[in-house]
Every structure is written in structure tokens, then in C-alpha cells.
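Peer 1: Pasting the sequence and the predicted coordinates here, then a few questions.
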Amino acid sequence: MTMKIAVCGKGGVGKSTVCAYLIQALLNRDRRVLAIDADPSPHLARLLGLDDSHITPIAEMKDLLNERSGRDGPFYNLNPKVDDLPERFMKKRNGLSLMVLGAIEQGGAGCACAENAVLRNLLNRLLLSGGEDIVLDMEAGVEHLGRGTIAGVDHILVVVQPYRGSIETAEKIDRLARDLKIRSLHIVANNCQDEEDARFIKEMCGQKPVGIFRASIETKKAERQGLPVTVASPEMLENAEKIISVLERS
């Protein structure tokens, strides 16, 4: 049975790195995987070892977004045509499909409702696709949950690091996920230096993390060199595989 996993959390906690290892763990099981990068600063392709030099996030294709939204002053199409976009812009390699959505940057630009309608419709279409596992790398924070755009996922993984700001965001995500009736929500501890860090996360979140990723010098070096992080740390890959096993049983 396929699964749809959304990876959330505060900015900078390592969501994309966790996504990359989860994706590789699924590929190692000969599963077909659709990876969706919905971060405003998408770099999942690079972490997976895909050439991202010719990838433009859909969110940055302003002409396409304007055309599909049918914007006319304050009016726009609430159900824009997006069914052809995956075939046009999806990158594929050995069982992996990658769709880079990005996110609309709204700072100082006023309402971006029309453009977001296109992205939301495309994301919903991708989530409804069948026959492959989906790993969704979400934008930072909780606003995406407030929009209800991931109500169709099976599991939410909230990545946290051992500091209070990260955990406060996790608590907000947990409350909103409950409102959306998403029952499978798990904490993933990342960048833990020692047992004290892992214990702090467990106590503050009120639940045992489904996975604990230690601080990895190898992964950091691979990322700095522009290499795929998924071959850098066998320990992190093993932890990702354990998380997948837990989700399969839940």
C-alpha cells in the first residue's frame, strides 16, 4: 500500500534533508516515489543528486501562473487547469519523480491568491495521484496547514531540533493537524548532539520521536560540496528506513 507523507517544521530544522533520506529509504525498497518540493527555497533536487541547474519552481513561473489563474483584476479562476503541468515539468530518474512547486513569496507584493490557487490545485492533483509513495517537503511554519492543503496526506512528520522555538512550531502543527482529523502525526528529532538533546525533545513534545537523527558531519560536508546527502551517512539512512517501517505499521 502506498503512503503520503508530509514533512513539516520550523524553518531551518532540516526538513529537506530528512525528506531526502526518507525518499532514498523508499527507493531502496524498490518503491516508486513522487517527491514534491513545496518550500519557498527549494533544494530537494540537489540533496537527492539531481541536476537542478535547469529546474525553475512553478511558483516562479509568473506568466504561467497568470495564464492559468485567469486573473482579471480582483477576479481569478478558483479551479485552474493544471493537469498537463506534471508531464511538462516533472523530473524523473530510476523510480523517482520530482515536482518542484516552490511557494509564492508575498512580501510587499499584496495578495497572491490567484497564483496560490494554481499551486494549491496542482498540489491537490499530485496528492490524488496513485501508484506511488509521496513525500512532500512543506514550507516552513504552519500556514500551509491552516489552508488545509495537506488534509489528504496519510502521515505528518514534524521535524524538530532541540530548542524551544522549533518545539513551539511543532505544537502549533499538532493542533492544526488534529483540527484536520489527521491522526498519524509523529515527531522526528534532528541534529541531536547527544542523549540529552533527544530526551529534551521527547519531554517537551510529550511523545517519543519516531526517529532520531544525530548531527552528521558527513551529511554536512556532502551538502556543502553539492553532493547527494543520501550516500553520506549510512546511519541516517538506516534511521529513515526505521521510520518508514513504523509508518507502514501505523
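Peer 2: The structure has been received and is ready for your questions. Residues are numbered from 1 along each chain as shown.

Peer 1: got the residue ranges for the strands in the chain?
Peer 2: In the chain, the strands defined using DSSP state E lie at 4-8, 33-37, 91-93, 96-100, 133-137, 155-160, 185-192, 211-214.

Peer 1: Just send those strands back as TSV, with mean pLDDT, mean neighbour count and distance to Ala25 too.
Peer 2: For glycine as for every other residue, the C-beta is placed from the backbone atoms N, C-alpha and C. Rendered in TSV, the data for the strands of the chain read as follows (pLDDT from 0 to 100; neighbours: other C-beta atoms under 10 Å; distance: least, C-beta to C-beta, whole Å):
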stretch	mean pLDDT	mean neighbour count	distance to Ala25
strand 4-8	95	26	11
strand 33-37	97	25	10
strand 91-93	94	13	16
strand 96-100	97	22	12
strand 133-137	97	25	10
strand 155-160	96	26	12
strand 185-192	97	23	13
strand 211-214	96	22	10
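
Peer 1: Reformat these as TSV; add distance to Pro80.
Peer 2: Conversion of the strands of the chain to TSV gives the following (distance: least, C-beta to C-beta, whole Å):
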stretch	distance to Pro80
strand 4-8	22
strand 33-37	18
strand 91-93	22
strand 96-100	16
strand 133-137	20
strand 155-160	26
strand 185-192	30
strand 211-214	37
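
Peer 1: Considering helices and strands only, name the one in the chain with the lowest mean pLDDT.
Peer 2: In the chain, the helix or strand scored least confidently by mean pLDDT, DSSP states H and E is helix 143-147, which has a mean of 73.
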